[in-house]
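Q: Based on what follows, work out the 3D shape:
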Amino acid sequence: MRFFALPDDLVHCFSTIYRVTVQPLPGQMVSDCLLPEWGNLRMVVKNPPTFTVSSGGEVTSHFAATGPRSHPVNFEVGPCTLWGIGLLPVGWARYVQAQAKDCADRVFDGMKPSPFFGFAPLCEELCASKASEEEDFERIVEFARALAPPPRDEGRIMAIHSAMADPYLIEVPELADRVSMTVRTLERMCARYFGFPPRLMLRRQRLIRSLTAFLASGAQNWSKTMDAHYHDQAHFVREFRSFMGMNPTQYAEMDHPILDAFVAERKRIWGLPAPASAEQVEPTDAG
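A: I've put the predicted structure just below:
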C-alpha cells in the first residue's frame, strides 16, 4: 500500500489518496470491516470487489463510492489494484452534487448516474492506464483540480471539521460557540456537508479516536485506549454496539488486513482520544 502526499491546494478536500495491490493466495479472498468515516471513492483497476453497508446496500463495481458513514462497511476482494480517495467535508462540498445527509450510510455504483458520477471518467482512465503510479496520481490531481472550483463555504466547513478534532469538546453548544455559529446554523451545515447531526458526529469522533488508538496499540487493551469521556466501560460498549453493530470483543477477534495499514493515517485524521486524566485538564484548542 502506498499513500501519496497531497498538494497544498487539495489537502482540505481529501484525507488520503492511496494505491493498494491485493494479492491473496490462489483461490482465496481478502475481507475486512472498515470503520465509519467520511465519504470515500474506490476505483478498482480489475476484479472489482463487493462492498456492503449495514443498511443492506451492496455494490460490485470498478467504482464504488460511499457517503459519510456512522456504521462500518464490509468488503471482500480477490487479486486487484485499487485506488482510494478519502473525501473530506470540504471535498464533499466541492465535488458531490447532493446533501451529505442524503448519502449517509449508503454505497453507490459510481459508474452509474449518482451524485458521484462526475468521477466516472477518472475511473475509466485509471482502469485503462499503463502509466506509472506517479503518473496516475498526477492524473487524479489534475482531474480533481479541473472538476470543480473550491466551495464558497470552505472556511466555515474547515472550522467545524477542525473543532471536532479536539478531544475535550463533547457538547454541541460548545462546538457552535467555537465556530461562531448558532446551533441551528451548525445543524444545517452538518446535514449538508458532514452527513449527520452535530451530536452524532461528536459521538462518532470519540469512538473512532478510541478505535484508532486501540488498533495502534496492537489491539491489546480497550480500557487503556478508551476515551476518558465515556462514563464507564458499559457506556463505551453501548456506544460501540450503536455504531459498529457488534461488541468490542467481536471486533477485536476479526482480522483487519486492510485496515491495519491505515492506522497511522487514521490517527492523523481523527486525532487521539482524551487521556484518562482528561477531567482534570483544562480544555484547549488542540487538534
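Q: all contacts plus neighbour counts: C-alpha atoms, from now on.
A: Will do.
Q: In stretch 138-157, which residues are buried?
A: Neighbour-count burial for stretch 138-157 flags 139-141, 144, 150, 154, 156-157 (criterion: 16 or more other Cα atoms under 10 Å).
Q: And the helices in the stretch 151-287 of the chain?
A: Here the stretch 151-287 of the chain has its helices, by DSSP state H, counting those that start in this stretch, at 154-164, 172-178, 183-189, 198-216, 222-225, 233-244, 248-252, 263-270.
Q: So for Gln28, which of those helices sits nearest?
A: Relative to Gln28, the nearest member of those by Cα to Cα is helix 248-252, separated by 21.7 Å.
Q: Packing partners of that closest one?
A: Counting contacts by 3 or more Cα pairs under 8 Å, 6 or more residues apart in numbering; DSSP states H and E, helix 248-252 packs against helix 233-244.
Q: and the helix it packs on, what's its mean pLDDT?
A: For helix 233-244, mean pLDDT is 94.
Q: At which residues are the strands of the stretch 51-200 of the chain located?
A: 58-60, 63-66, 73-77, 80-87, 107-109 (DSSP state E, counting those that start in this stretch).
Q: what about Ile17, distance to Asp136?
A: Going from Ile17 to Asp136 by Cα to Cα, to the nearest Å gives 11 Å.
Q: what sits against the nearest residue to Gln28 once chain neighbours are set aside?
A: Leaving aside its sequence neighbours, Gln28 sits nearest to Gly78 (Cα to Cα, 6 or more residues apart in numbering; 6.8 Å). Taking Cα atoms under 8 Å, 6 or more residues apart in numbering as the contact definition, Gly78 lies against 22-24, 28-30, 47, 49.
Q: What about those residues, which are in strands?
A: Among the contacts of Gly78, the ones falling in strands (DSSP state E) are 22, 30.
Q: Most neighbours among the contacts of Gly78, please name it.
A: Counting neighbours by other Cα atoms under 10 Å, Pro49 comes out on top of these with 25 neighbours.
Q: about what we covered before: which one of the helices of the stretch 151-287 of the chain has the most crowded surroundings?
A: helix 198-216 (a mean of 22; mean count of other Cα atoms under 10 Å).
Q: Tell me the spacing between Pro79 and Cys127.
A: 15 Å.
Q: One more: Pro49?
A: From Pro49 to Cys127 the distance is 14 Å (Cα to Cα).
Q: next one: Ser223
A: 44 Å.
Q: Ok, Phe137 next?
A: Phe137 is 13 Å from Cys127, by Cα to Cα.
Q: Can you read off the pLDDT for the most centrally placed residue in the chain?
A: With distances taken as Cα atoms, centre = their mean, the residue of the chain nearest its centroid is Glu37 (2.6 Å). pLDDT, Glu37: 91.
Q: I'd guessed it sits against Val73; true?
A: No: counting by Cα atoms under 8 Å, Glu37 sits too far from Val73 to count as a contact (9.6 Å).
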